[in-house]
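how would this look folded up:
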Amino acid sequence: MKIGVQSIHFSADSKLLDFIQKKANKLDQFFDQIISGEVYLKLENVEDEANKISEIKLIVPGGTLFAKEQCKSFEEATDLAIESLRKQITKHKEKTRKKISEQKAVLIDSEISDY
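The predicted structure follows:
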């Protein structure tokens, strides 16, 4: 899966980029039809220690999934956002499967009524 990473108000080092790519690749285990993804890393200008924001947007067939987390480190924020996306992917798959099974049931019913 292709992941584009944009860091806003700072430049991300290669260790952070590799970490994000590794975590995002794990989402392929749950849903292999992910088209692409965008990661936005932001440094917020506040006095709180938790000023690092990770936003992840995934494009999947039938929609877009989005997660945003704010923590003390980009790694922690990315971890939480990936976990949130994993739950969203599971829910998206269940909805898709339900729609497909309902459509199949309608088709079978219409074929039976034709006889």
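
What mean pLDDT does stretch 4-12 get?
Taken as a whole, stretch 4-12 carries a mean pLDDT of 90.

quick one: that stretch to chain centroid distance?
Stretch 4-12 has its C-alpha centroid displaced from the chain centroid by 18 Å (Cα atoms, centre = their mean, to the nearest Å).

Just the terminal-to-terminal distance for that stretch.
12 Å (Cα to Cα, to the nearest Å).

longest helix anywhere in this protein?
Within the chain, and with DSSP state H defining each element, the longest helix by residue count is helix 74-114.

for that helix, packing partners?
The helices and strands touching helix 74-114, judged by 3 or more Cβ pairs under 8 Å, 6 or more residues apart in numbering; DSSP states H and E, are helix 14-25, strand 52-60, strand 63-71. (Each C-beta comes from the backbone N, C-alpha and C, glycine too.)

I'd like the ones you listed written out as a markdown table, with distance to residue 97 and mean neighbour count added.
Below are the helices and strands packed on helix 74-114 laid out as a markdown table (distance: least, Cβ to Cβ, whole Å; neighbours: other Cβ atoms under 10 Å):
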| stretch | distance to residue 97 | mean neighbour count |
| --- | --- | --- |
| helix 14-25 | 23 | 15 |
| strand 52-60 | 14 | 21 |
| strand 63-71 | 15 | 16 |
